[in-house]
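Undergrad: Quick one, structure for this:
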Amino acid sequence: MSARQTSTSPLYAVILAGGRGTRFWPRSRQRRPKQLMNFWGQTSLLQQTVERLRPLILPANVWVLTNEYLAQEVARQLPEVPRCQIIAEPVQRNTAPCIGLAAELIGARDAEAVLGVFPSDHTIRKPAAFRKVVRLAAKHAAQDAIVVLGIAPRWPETGYGYLEFARAPILNPPKALPVKQFREKPSLAVAKRYVRSKRFFWNSGMFFWKASTIREALRRHLPRTAAVLQSIPEKLADGRGADPRYVQRVLKKLYPACENISVDYAVLEKASGVVGIPCDIGWNDVGSWNAVYDLLPHDRQGNVLRTEALLLDSSGLLVDVPGKLVAGVGLQDLVVVETGDALLIVPRGRSQEISQLVKQLEKDRRNNLL
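TA: Numbers count the residues shown, from 1 in each chain. Here you go, the predicted model:
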């Protein structure tokens, strides 16, 4: 299925690009979080997400959900996406309201629209396998199913939710199977049991459904928020939705009344007949500096060096200190990142805890460092 063929079918991308990326501080900041950063190559994670979808979904069918801080930079990075399809939340309300908003806006244009929801900050190392799975997911979604992609776990991860299937799935060819249950982030012991069973897959955060399907699910399970969202398209009729400033005024007035809840809690865990597609697509959610270390090439000592370095008896380092020689002796498994106003040094295995530093900066009102 080529992009030309896909453009005539009601397949749309809803890209979630409003996160803060606090675990990538000090490089990731409020006005330039990780999805807008270039970790490798010449493009940001957001740009890579759109490019990955291009063989399936033309930019004219791409919608991006972000926030007021980031909308201008998102538009700069994605000039091919219509500006009126870059929607800025005036306040953060988690994924259920923003996905519901996209469904209302797209559904008002195309009653048969099929939506694929994609986080903007993931990487996919097997793009051909990814496209195959997306085609399959869209096919099932067009038949009124709620579809979630499940990632074959490579280790007992405690930071992800899991999908449980009745039996161990076969990955090739990919096949849609009923999801027996959604499981919360487990303890390490439970995660090890999940991996051994081969019936549990990571929840990728990539979902597929018709706009009408998710709108109806929100009306059933989140009626107050659904009523707010349902009122927005009529306020943007008669061409008024083409003016981003007018759209923003409408959203500022109405959107704060939405509940703050994820689509997982609001819909997926309550809906019946959810299907999952277990797959191996080379997925990585790039959730920490440790994940970046895993994705980038290493030298013989296992170091990832994005600067000039002089190291003795040192291994497992990720060093990102632009414009300086970094020298070290006897260092193991550290992340060292410097910006113009901050220096971070943290053991690689604890890089997910960086968000706690950001919370402390917020508490101390160090807004210049956020």
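Undergrad: partner residues bridging the residue of the chain positioned farthest from its centre?
TA: For the chain, the largest distance from the centre (CA atoms, centre = their mean) belongs to Leu312, which lies 38.2 Å off. Residues in a beta bridge with Leu312, per DSSP bridges, are Val329.
Undergrad: Lys198 touches Ala168, doesn't it?
TA: Yes. Counting by CB atoms under 8 Å, Lys198 does reach Ala168; the two are 3.8 Å apart. Just so you know, the C-beta spots here come from the backbone N, C-alpha and C atoms, and that holds for glycine as well.
Undergrad: Look at those two and report which has more neighbours.
TA: Lys198 (14 against 11; other CB atoms under 10 Å).
Undergrad: got a list of what that one touches?
TA: Shown in contact with Lys198 (CB atoms under 8 Å, 6 or more residues apart in numbering): Ala168.
Undergrad: if we can go back for a sec, report the separation between the residue farthest from the centre of the chain and Val64.
TA: Counting by CB to CB, to the nearest Å, the gap from Leu312 to Val64 is 46 Å.
Undergrad: which parts of stretch 133-153 are buried?
TA: The neighbour-count check on stretch 133-153 (16 or more other CB atoms under 10 Å) flags 133-134, 136-138, 140-142, 145-153 as buried.
Undergrad: Straight-line length of it, end to end?
TA: With CA to CA, to the nearest Å as the measure, stretch 133-153 spans 17 Å from end to end.
Undergrad: now that stretch: how far from the chain's centre is it?
TA: 16 Å (CA atoms, centre = their mean, to the nearest Å).
Undergrad: next one: stretch 334-354
TA: That offset, for stretch 334-354, works out to 22 Å (CA atoms, centre = their mean).
Undergrad: same thing with stretch 284-294?
TA: 13 Å.
Undergrad: Stretch 25-44 now?
TA: 14 Å.
Undergrad: Between the two ends of that stretch, how far is it?
TA: 16 Å.
Undergrad: Buried ones in it, by neighbour count?
TA: In stretch 25-44, counting by 16+ other CB under 10 Å, buried: 25-30, 33-37, 39, 44.
Undergrad: So for the residues you listed, which is the shakiest by pLDDT?
TA: Among the buried residues of stretch 25-44, Phe39 carries the lowest pLDDT, at 82.
Undergrad: Phe182 touches Gly161, doesn't it?
TA: Yes. Using CB under 8 Å, Phe182 is in contact with Gly161, at 6.4 Å.
Undergrad: Quickly list what's touching both of the two.
TA: 203, 264.
Undergrad: ok so, going back, what separates the residue farthest from the centre of the chain from Gln301, distance-wise?
TA: 10 Å.
Undergrad: if we can go back for a sec, taking the buried residues of stretch 25-44, tell me the two that lie furthest apart.
TA: Gln30 and Phe39 (18.4 Å; CB to CB).
Undergrad: which residues touch the residue nearest to the spatial centre of the chain?
TA: Centroid check for the chain by CA atoms, centre = their mean gives Pro119 as the closest residue, at 2.1 Å. Residues counted as contacts of Pro119 (CB under 8 Å, 6+ apart) are 15-16, 49, 205-206, 285.
Undergrad: For the residues you listed, pick the one with the most neighbours.
TA: Ile15 (27 neighbours).
Undergrad: For that residue, what are phi and psi?
TA: Backbone torsions of Ile15, given as degrees, to the nearest 10, read phi -100, psi 120.
Undergrad: if I've got this straight, Ala237 is in a strand?
TA: No. Secondary structure of Ala237 (DSSP: H, G, I helix; E, B strand; the rest coil): coil, not part of a strand.
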